[in-house]
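Q: Show me the folded form of this:
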Amino acid sequence: MSLRVDSRAVTVQIGAILLFGMLVVSMSAYQASVVPAENREAEFEHSWEVRADMLDLRGAILRAASDGGSRPVTVELGTRYPSRTLFVNPPPSGGTLRTEGNRTAILSNASADGETGDYWTGEPRSFPSTALTYAPSYTEYRDAPTTVYEHGTLYDRFDGGETVGSTGQTLVDGKRISLVSVDGSVSASSAEPTAVDPRGVSAPARTVTVGNRTENLTLAVRTGLSASAWEDALADQFVEAGGRVVAVRGGESGAVEIVLEPGEYDLRLARVGVGGHADAEPRYLTDVRGDDETVRGGSTELLVVEVRDRYNTPVSGETVNLSLVDDGVSARLEADGKVGEEIENAITDAEGRVEVTYRVDDFDGEPEPVRVRAATDRRPSTDPGGVVRRERSERRRLRPDRGRWRGRRGRPRRPR
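A: Numbering: from 1, shown residues only. Got it, this is the predicted structure:
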């Protein structure tokens, strides 16, 4: 009896094995090449979305500086990949939003007339600030830039040091100088959205007139941008283009100096807090009403002083002490039910002001000057930008007749 060999099913089995092997190879190739490419595309799109979020954050900071309000902004720190049934995705990629480095700005050779001249004397004045940066942690898009906000401008910083600007600059615009400091600490690292709440601290921004008739003004800013990058950003502000910028040059310790021609400038200052931030500190006092007025005997005059911080913003809740100096006649100060030659612990109101009534009795003789001294009770912290004057003496001229009180030019002076 003989046995017959049947091999008809071998071909089918081998074919199935070959098809399965080809399927495994194809899926492996898809997982190794197509999935990373699609994920890289998702990360690239997220980089543009988060740049838009940073633009919104920049706008919120500038608006908070302008009106003193609060502007919450959400930043999408991470991205999620497309859903896949048969293939494997890495975990969602994240990113880090944080404050970074010293971005102090220092303005030199800027003087002011009138009530702010005691503080703006031409000495360097410093305005501490920091940068806000977003750094992604992508799986595939490994050469993604870090997005940086500083001094009103937004730019991308790449690993090789190259920077690409996303917005224009706001520091100098013709005769206007705008400094918006960012204060506080932010540190968020996640794949989830995070909220940032820029809030005006020394705001809304106030404008004061400063200048120098003979010397250039210098604005030195610590920055992550090179001098050439700032030169490009300020191209339309140079003197040759009808602006006021004379030169842009590298300074010490990573600073860039912007040199402005002599003349008058509108200086706009504000401070915006993100995360925790320090309260405003008094830097100087200025008169609002009463300086160099003429007061007749037997009458009163209202003296108003204002406490301001380094950003020229009024500081409320500060203690002010006032006293008569070199007063040769019978006179006294009156405020909050207190009467005497000294008024202690007067508290500034919501506008940073203290109002005190100066009362003088009838007297005979020639007009004579009287000084009223005002000083803040709190000593400010050390400022590398110069010595801070904390006292203010108001001059008055007493008249024994019944003439009207008059300003410096001989016209009746109205309250401001």
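
Q: For residue 184, which three-state class applies?
A: strand (DSSP: H, G, I helix; E, B strand; the rest coil).

Q: give me the beta-bridge partners of it?
A: Applying DSSP bridges to residue 184 gives these bridge partners: residue 274.

Q: That one: neighbour count?
A: If you count neighbours by other CB atoms under 10 Å, residue 184 ends up with 20. The way it works is simple: take the backbone N, C-alpha and C, and place the C-beta from them, glycine included.

Q: For the residue nearest to residue 92 when sequence neighbours are not counted, give me its contacts.
A: Nearest residue to residue 92, sequence neighbours excluded (CB to CB, 6 or more residues apart in numbering): residue 191, at 4.2 Å. Neighbour list for residue 191: 77, 78, 79, 80, 91, 92, 93, 94, 95 [criterion: CB atoms under 8 Å, 6 or more residues apart in numbering].

Q: Show me the beta-bridge partners of the third one.
A: Just to be clear, that refers to residue 79. Taking DSSP bridges as the rule, residue 79 bridges to residue 93.

Q: ok, now how distant is it from residue 369?
A: Separation of residue 79 from residue 369 (CB to CB, to the nearest Å): 71 Å.

Q: Look up how far residue 302 lies from residue 295.
A: Residue 295 is 10 Å from residue 302, by CB to CB.

Q: more crowded one of these two?
A: Neighbour comparison, residue 295 and residue 302: the larger count goes to residue 295, with 22 against 13 (by other CB under 10 Å).

Q: Tell me if I am right that that one is in a helix.
A: No: per three-state DSSP, residue 295 lies outside any helix segment and is strand.

Q: Which residue, neighbours along the chain excluded, lies closest to it?
A: Spatial nearest neighbour of residue 295, excluding adjacent residues (CB to CB, 6+ apart): residue 301 at 4.6 Å.

Q: In a helix, the one you found, correct?
A: No: looking at residue 301 with three-state DSSP, it is strand, so not inside a helix.

Q: That one: how many residues sit nearby?
A: Neighbourhood size, residue 301 [other CB under 10 Å]: 20.

Q: same question, residue 339
A: Residue 339 is flanked by 11 other residues according to other CB under 10 Å.

Q: pLDDT averaged over the helix or strand where it lies - what is it?
A: Using DSSP states H and E, residue 339 maps to strand 338-340. What strand 338-340 shows for mean pLDDT is 85.

Q: residue nearest the centroid of the protein?
A: residue 181 (1.9 Å; CA atoms, centre = their mean).

Q: which residue packs closest to that one, ignoring adjacent ones?
A: residue 129 (3.9 Å).

Q: In contact with that neighbour, which residues are there?
A: 103, 104, 105, 150, 151, 180, 181, 182, 183.

Q: and what of residue 44?
A: 141, 144.

Q: what do you get if the cut-off is 7 Å, keeping everything else the same?
A: Shown in contact with residue 44 (CB atoms under 7 Å, 6 or more residues apart in numbering): residue 141.

Q: SS state for it?
A: Recorded secondary structure, residue 44: helix (three-state DSSP).

Q: What's the per-residue pLDDT of it here?
A: Per-residue confidence (pLDDT) for residue 44: 92.

Q: How about residue 387?
A: The model reports residue 387 with a pLDDT of 28.

Q: that older thread, tell me which residues in the strand or helix carrying the residue nearest to the centre of the chain are buried?
A: For residue 181, the host element (DSSP H and E) is strand 176-185. Using 16 or more other CB atoms under 10 Å as the test for burial, strand 176-185 gives 177, 178, 179, 180, 181, 182, 183, 184.

Q: Tell me the bridge partners for the second one.
A: Yep, that's residue 178 we're talking about. Listed beta-bridge partners, residue 178: residue 268 (assigned using DSSP bridges).

Q: quick one: contacts for it?
A: Shown in contact with residue 178 (CB under 7 Å, 6+ apart): 152, 170, 171, 268.

Q: low pLDDT regions in the chain?
A: Residues of the chain that meet the criterion pLDDT under 70 lie in 1-12, 26-27, 30-32, 85, 278, 326-329, 363-367, 377-416.

Q: tell me which of the contacts of residue 129 is nearest to residue 29?
A: Distance to residue 29, by CB to CB, is smallest for residue 150 among the contacts of residue 129, at 45.0 Å.

Q: Quickly list what the closest one is bridged to.
A: Assessed by DSSP bridges, residue 150 has beta-bridge partners residue 153.

Q: Give me the neighbour count for it.
A: By other CB under 10 Å, the residues close to residue 150 number 23.

Q: Kindly report the same for residue 165.
A: 15.

Q: Quick check: it vs residue 201, distance?
A: Taken as CB to CB, the span from residue 165 to residue 201 is 27 Å.

Q: ditto for residue 321
A: 26 Å.

Q: same question, residue 176
A: 22 Å.

Q: now residue 306
A: Distance from residue 306 to residue 201, by CB to CB: 18 Å.

Q: The stretch 201-350 of the chain: helices as residue ranges?
A: 227-233 (DSSP state H, counting those that start in this stretch).

Q: where do the strands sit along it?
A: Taking DSSP state E, counting those that start in this stretch as the criterion, the stretch 201-350 of the chain carries its strands at 217-222, 245-250, 255-260, 263-275, 284-289, 293-296, 300-308, 319-325, 331-335, 338-340, 342-347.

Q: same thing with the stretch 1-150 of the chain?
A: 73-76, 94-100, 105-108, 125-127, 131-137, 146-150.

Q: To residue 39, which of those lies closest?
A: Nearest of the strands of the stretch 1-150 of the chain to residue 39, taken as CB to CB: strand 131-137 at 13.1 Å.

Q: who does that closest one pair up with?
A: The strands beside strand 131-137 in its sheet (DSSP bridges) come out as strand 94-100 (antiparallel), strand 146-150 (antiparallel).

Q: List the contacts of residue 331.
A: Neighbouring residues of residue 331 by CB under 7 Å, 6+ apart: 324, 358, 359, 360, 361, 370.

Q: Only whichever of those are buried, select them in PyMOL.
A: To isolate the buried ones among the contacts of residue 331 in PyMOL, judged by 16+ other CB under 10 Å, type:
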select buried, resi 324+358+360+370
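
Q: what would the contacts of residue 331 look like in TSV with distance to residue 71 and secondary structure?
A: Supplementary listing: those in TSV, determined by distance: CB to CB, whole Å; DSSP: H, G, I helix; E, B strand; the rest coil:
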residue	distance to residue 71	secondary structure
324	46	strand
358	43	strand
359	47	strand
360	50	strand
361	54	coil
370	48	strand
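
Q: Fine, thanks again, bye for now.
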